[in-house]
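Asks: Quick check, what structure comes out for this input:
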Amino acid sequence: MRSTKASAVVALVCLLLAACAPAAAPAGDRPSPPPQRQSASPARTLVIASRGEPPSLAAKPLQSVGGALDTFVPLYNAVLDYMDANAQPQPYLAEALPQLNAESWRVFPDGRMETTYRLRPNLAWHDGTALSAEDFVFGYTVYATPELGAAASPPIAQMAEVIAPDARTVVIRWRELYADAGVLQRGFQPLPRHILEGPYRQMDAATFSSHPFWAQEYVGLGPYRVERWEPGSAIEAVAFDQHALGRPKIDRVRVVFIADANATLASMLTGDVHYSADFALFYEEGTVLEREWAARGGGGVVLYSPTLPRITQIQFRPELVSPRELLDVRVRRAIAHAIDTPQLIEVMAGTRGLATPSITSPLADYHPQVDRAVAKYPYDQRRARELLEGAGLQRRADGMYSMSSEIEVWHITGAANERENAIIVESLRRAGIDATSHAYPSAQLRDTERRAKLPAFFTGGGSGGEANLMDYGSAVIPKPENRWQGGNRGAWSSAEFDRAWELVQVSLDRNQRIEQIVQMERILSEDVGAIMHYYSPTVNAHAGNLRGPTAKTTPEAGVGIRDVHTWEWTS
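Replies: Numbering: from 1, shown residues only. Model (predicted):
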């Protein structure tokens, strides 16, 4: 029955897309592309579907990007290093990565450190201006400005200064030990002084953060240069000849914003989209796409990466939480027991889902240590009711336990999230917990303040692995002082967790770092600072004649497009 329904949905969406597709703009309305060297691949534009439009194209934006709207921004950015699909760090703008206890990564007796990077030769910004080490110095100056909201974010908070002994040498001085100093990824990027230095000196924080550079007039260093941004529709870009890792093999890329996964599915089937970025498709749409392509004798490839943790965040701000009973750990434990996680996995991830009570992925080599330490809340409606009654709650005539209000369970709009949320709400109601489902519009994912102020639950994904666990430190609580940036949206806080969080940051020895991660998982799970459900596959799909996209093998590989400069058409 599900297959029949899905096929019908696909057919309907295809018809709607064909009927509603916008007419092509007149040739005279389009800017003429600058002269460029042509690639060996057939001349066609690679079309990528994104679930939405980000507020910024920067690798490290000044405005928080919620809902994973930034999975395609690597198209336009290059930073010192990046993580490949196997979670192995690779040099990018740098010739090599710093090596601990070598001249490139020095640790001093007082706990300070210094890392040194030598930039590749002949690097340039998309506008042709030469990249200089001074652009990294300026980048640090901007990000370390408290009023701009990024100063408390890692790794900026751990840096003492950035200097440029010469045009190709970047030296980062660290105020303390920092274990991730050798792999910064998108946590630190250079900024073009020739564009932003004047506005930075002249504008206030709000005006500077809204400067057109961060969006429509973005100038980066990545494999593609922005040519045209159609707000609410798409971004067009052309291959950048001076890309640090080589000119892309495909000349043009167009990223289209499609909020609905069924519409993305239909566009993949019609061939209007060639690649779906992270979160543009989900498990059910991926299986439908596989089946439809197989029935047609081919057409494309669906990639499943078991890297996406599904987590319910809880509101802990006393002035915002509703019902107030959520501040009682017994109630939170009851709710964790009441959620039917086995059904969630079966419906939302099938055999590709990974059950785990921890944010640490089951694929991590140290997962057994974490699994032994965490508190577990298996699906058990009887135990849930015992805990609710132990917290002094009594059942009403309608069978629901008396609380000061119903529990709002929020999710981002979309068919997959709606299915997931319905299972959560239904299982809570079976346990006598008055819960209702609420959809958060994907168009408002930029409004990070609103998301941080939701009264009860918000279920969503994350980047996976250690990065998600670090989102529960007090230092990353969104608030007015940091322009509502930070992953700890529910404002859960624990002094014991924060001490372990700080030790993870400074532990250069991996075994010591793992010990602290285990403690963080234990503390978070015992207090039910969030409810971890399962690992779902991140789903990407690509046309059969597109070679290059690969699945990610571990959550530490993160989210986002990788190695796009190597992708090519095969016919």
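Asks: ok, so what distance separates the closest residue to residue 164 other than its chain neighbours from residue 140?
Replies: In this structure, residue 164 finds its nearest non-sequential neighbour in residue 133, 3.5 Å apart by Cβ to Cβ, 6 or more residues apart in numbering. Where C-beta positions appear, they are placed from N, C-alpha and C, glycine not excepted. Taking Cβ to Cβ, to the nearest Å as the measure, residue 133 falls 11 Å from residue 140.
Asks: any low-confidence regions in the chain?
Replies: Residues of the chain that meet the criterion pLDDT under 70 lie in 1-43, 64-68, 463-465, 558.
Asks: tell me the domain boundaries of it?
Replies: Using automatic domain parsing, the domains assigned to the chain come out as 78-209, 308-536.
Asks: Backbone dihedrals for the residue nearest to residue 164, please?
Replies: Phi and psi for residue 133, reported as degrees, to the nearest 10, are phi -60, psi -30.
Asks: For it, grab the count of nearby residues.
Replies: Burial of residue 133 is recorded as 21 neighbouring residues (other Cβ atoms under 10 Å).
Asks: I'd assumed residue 139 was in contact with it.
Replies: No. At 10.4 Å, residue 133 does not count as touching residue 139 under the criterion of Cβ atoms under 8 Å.
Asks: just the helices in the stretch 51-200 of the chain please.
Replies: 133-143, 193-202 (DSSP state H, counting those that start in this stretch).
Asks: Likewise for the stretch 451-571 of the chain?
Replies: Taking DSSP H, counting those that start in this stretch as the criterion, the stretch 451-571 of the chain carries its helices at 466-469, 495-506, 510-526.
Asks: Pick the most buried one from those.
Replies: helix 466-469 (a mean of 21; mean count of other Cβ atoms under 10 Å).
Asks: one step back: want to try JSON lines for the helices of the stretch 451-571 of the chain, with distance to residue 320 as columns?
Replies: Output for these, formatted as JSON lines (distance: least, Cβ to Cβ, whole Å):
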{"stretch": "helix 466-469", "distance to residue 320": "22"}
{"stretch": "helix 495-506", "distance to residue 320": "21"}
{"stretch": "helix 510-526", "distance to residue 320": "20"}
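Asks: Select, out of those, the one closest to residue 323.
Replies: Between residue 323 and the helices of the stretch 451-571 of the chain, the tightest spacing by Cβ to Cβ is seen for helix 510-526, at 21.7 Å.
Asks: What lies in contact with the closest one?
Replies: Around helix 510-526, the neighbours that count as contacts under Cβ atoms under 8 Å, 6 or more residues apart in numbering are 179, 357-360, 366, 369-370, 373-376, 466, 469, 472, 492, 494, 496-497, 500-501, 503-504, 507, 529-530, 532.
Asks: Can you tell me which of those residues end up in strands?
Replies: Among the contacts of helix 510-526, the members falling in strands (DSSP state E) are 530, 532.
Asks: if we can go back for a sec, distance to residue 435 added to the helices of the stretch 51-200 of the chain, as CSV?
Replies: Below are those laid out as CSV (distance: least, Cβ to Cβ, whole Å):
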stretch, distance to residue 435
helix 133-143, 40
helix 193-202, 47
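Asks: Deepest in the core, which of those is it.
Replies: By mean count of other Cβ under 10 Å, the helices of the stretch 51-200 of the chain have helix 133-143 as the most buried, with a mean of 21.
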